[in-house]
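Peer 1: Give the three-dimensional model of this entry:
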Amino acid sequence: MSADVTAVVVRLKLSLLRNGLRQSGGRRAAYIVSAVVTLLFAALQLLGLIALRGNAHAVSVAVLLVAVLAVGWAVMPLFFPGGDETLDPTRLVMLPLRPRPLVRALLVASLVGIGPVFTLCLLVGSAVSVAHGSVAYVVAVVGVVLALLVCVALARAVAVANIRLLTSRKGRDLAVLSGLVIAIGAQLANFGVQRLGSSGLAQLDPAGDVLRWVPPASAIGAVDSASSGSYGVAVTQLALSAGALVALVALWSRHLTRLMISPDGSTLQAAATDSAARERTSTGLGRLLPGGRTGTVVERSLRYIWRDPKTKAAWVTSLAIGLIVPVFNALQGTGSIYFACFAAGMLGIQMYNQFGQDTSAFWMVATTISSSRDAYVELRGRALALLVITLPYATLVTVVTTAMLGDWARLPEALGLSFALLGAMLATGAWTSARFPYSIPQEGYKNVAPGQAGLAWISIFGGMIAAALLCAPVITLTIWLNVVRDGDRWSWVLLPVGALYGAAITLAGLRLAAPRTAARLPEILTAVSKG
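Peer 2: Numbering: from 1, shown residues only. Below you'll find the model as predicted:
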C-alpha cells in the first residue's frame, strides 16, 4: 500500500512539473535554461571539490559547504513556497491517507527535481574530496545518502510547520523578500571569498572543527574520520546524522497529522490582528501627523510601505543594501566615506513611480486632484513620508561608516552630500512619477507590467542620471574645498550647504512636477492600471 502511495505521489510530482512547463513556451525555456545553468554550476563545483582532494583544509571546506546547503534547504520553502506544489499537504487533506505512508511518499517525491540533483552533486564532491581508502568510500556512500535525506526532511518539516503562514498574506510578503536574502547572501559570499583570498583556507578550520559534529555536515565529517582510521568517531558522526533524520521525520509527521485534522483558523486570527493594528495606528500615528491632506497622504504612504508586499520588499531591500555596501567595503579596508551616499541613493529611488504602487486604485487619488495645488500637496505628502524614513537612516549609515573608517573630520561633507543627493532624487522622482508612470503587478515576482519595461528603465536610470547632474554644484564645491582649500578646516560648510540645497531642489522639483501631474491624471491612471 505504501509503495503504491509513493509511486502515485511521485507521478503526481512529475505531472505537476510537466503540466507547468506546458503552460507557455517562455516558462519552458526559462526552466530549461535554469536547469542547464544549475547543472553546469553543479558540475563545476563537483570538479572543484575533487581537485581539492589531498588539501589539508579540504574537510573544513566540505563540512562548511554541506552546512550552507542545509541552511539553504531550510529557508527556501519560506521564500519560495510556490516552487513545489507538493510542499502544501493540505491539498491532500480529503484523501484517505495515513501519516506514515504519506510522509514516506512525500520524502521520496522531494528527491525529484533540479534542487536534489544539485545537492547530490555537491555532496558527492564533498565526500570524494575527503575520502581515502575503501572503508572511507563505504562510509561516503552512507553519508551522502544520509545528508541528502536530512536536507530534504529539513525542508519538509519547515514547510509543514509554517504552511499556514506560507499560504497567508504574510507568507506572500515573506516570499517577495527573497530578493533581499539573495542580495545579502551575495554580499556575504563576496566578503567571505575576499577574506579567504587574503588569508587562505586555514580560516575555515575553527568553524569546520565544530560543524563536523553538526548534522548533516557530520555525515561528511564521518568520511574524513574513517579516512584517518577513527572508525568509532565515524560511526558516532553517522549516528548523529541518522538521529537528526529520525527526529526531523518525527517532527514532520507530528505537524502533518495536526495539520490534516485541525481546522484552519488563521484567517480569523489574521483579521483580529489586522483590526488591532488598525486601531493602534489610528490612535498613535495619526496624532503625530499634520492635519489636512498632507497628514492623510503621509499616513497612506506609510501604510503602503508596511502592508503592500511589493512596496515593503523594495524598501527593505533598499535599506539593507544601502547599509551593506558602505559597511562591507569599510570592513574590507577598501571603503570610503563617500560610499555612505549609497544609502541616500538607494532610498531616494523609492520616490520614483509613486503612483505605480496605487495600481488601479489611483482613480480615488485622481478624483481628489482638481488643480496644481492639490497635486503639489499630494506629491509633498509622499515626499515627507519618504523623508520620515530616509533622512534618519541616511544619517545613521553615514555616521556608522565614518565610525568604522575613523574619518570623523569628513563626516559633515559626507552628510551634506547625502542630503543633497537625497533631495535631488526626490525632485527627479516626483517628475518621473508624473512623466513615466508604469504599473506594478500585484501577483508574481515581476515589478513591471508587460510592455512597460522601457518606461521603468527611463524613469529610474534617467532620473538617477538627472539627480547626479543636479548634485553637481555640491560635488564641485566638495572637490574645490578639498583641492584648493584646507578640506579639514572648511568641510563643515558642506553640511548646511548640502542640507539647504537638498531642501531647495526638492521643493523646486515638487513644484515643477505638480502641474504635469494635474494635467496627466488620465494618462497616469491608464499606465498604472495595466498590472
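
Peer 1: thought Ser227 was touching Ala136?
Peer 2: Yes: the pair Ser227 and Ala136 passes the contact test of CB atoms under 8 Å, sitting 4.2 Å apart. Any C-beta I mention is one placed from the backbone N, CA and C, and that applies to glycine too.

Peer 1: tell me what the strand or helix carrying Leu47 is packed against?
Peer 2: Following DSSP states H and E, one finds Leu47 within helix 25-51. Helix 25-51 sits against helix 2-21, helix 58-79, helix 114-130, with contacts defined as 3 or more CB pairs under 8 Å, 6 or more residues apart in numbering; DSSP states H and E.

Peer 1: Go again with 6 Å.
Peer 2: On a contact count with 3 or more CB pairs under 6 Å, 6 or more residues apart in numbering; DSSP states H and E, helix 25-51 meets helix 114-130.

Peer 1: And the helices in the stretch 251-400 of the chain?
Peer 2: 266-288, 292-307, 309-331, 341-348, 362-366, 372-405 (DSSP state H, counting those that start in this stretch).

Peer 1: Indicate which one of those is closest to Arg53.
Peer 2: The minimum distance between Arg53 and these falls on helix 309-331, with 32.3 Å, by CB to CB.

Peer 1: got the angle for that closest one vs helix 341-348?
Peer 2: Using axes from the mean of the first three to the mean of the last three CA atoms, to 10 degrees, the direction of helix 309-331 lies 180 degrees away from that of helix 341-348.

Peer 1: Please compute how far helix 309-331 lies from its chain's middle.
Peer 2: On the basis of CA atoms, centre = their mean, to the nearest Å, helix 309-331 sits 10 Å off its chain's mean C-alpha point.

Peer 1: Stretch 226-244 now?
Peer 2: Mean-position distance between stretch 226-244 and its chain equals 36 Å (CA atoms, centre = their mean).

Peer 1: what comes into contact with that stretch?
Peer 2: For stretch 226-244, the external contacting residues (CB atoms under 6 Å, 6 or more residues apart in numbering) are 131-133, 135-136, 139, 146, 150, 215-216, 218-219, 221-222, 225.

Peer 1: which residues of the stretch 401-531 of the chain score low on pLDDT?
Peer 2: Across the stretch 401-531 of the chain, the ranges flagged by pLDDT under 70 are 442-451, 453, 455, 484-488, 531.

Peer 1: Could you pull out the helices in it for me?
Peer 2: 411-435, 453-457, 463-470, 472-483, 487-490, 494-519, 521-528.

Peer 1: Kindly reformat these as TSV containing distance to Gly322.
Peer 2: As requested, those are arranged in TSV below (distance: least, CB to CB, whole Å):
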stretch	distance to Gly322
helix 411-435	10
helix 453-457	20
helix 463-470	14
helix 472-483	19
helix 487-490	25
helix 494-519	17
helix 521-528	26
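
Peer 1: Show me which residues of stretch 481-501 are buried.
Peer 2: When burial is assessed from 16 or more other CB atoms under 10 Å, stretch 481-501 yields the following buried residues: Leu481, Asn482, Gly487, Trp490, Ser491, Val493, Leu494, Leu495, Val497, Gly498, Ala499, Tyr501.
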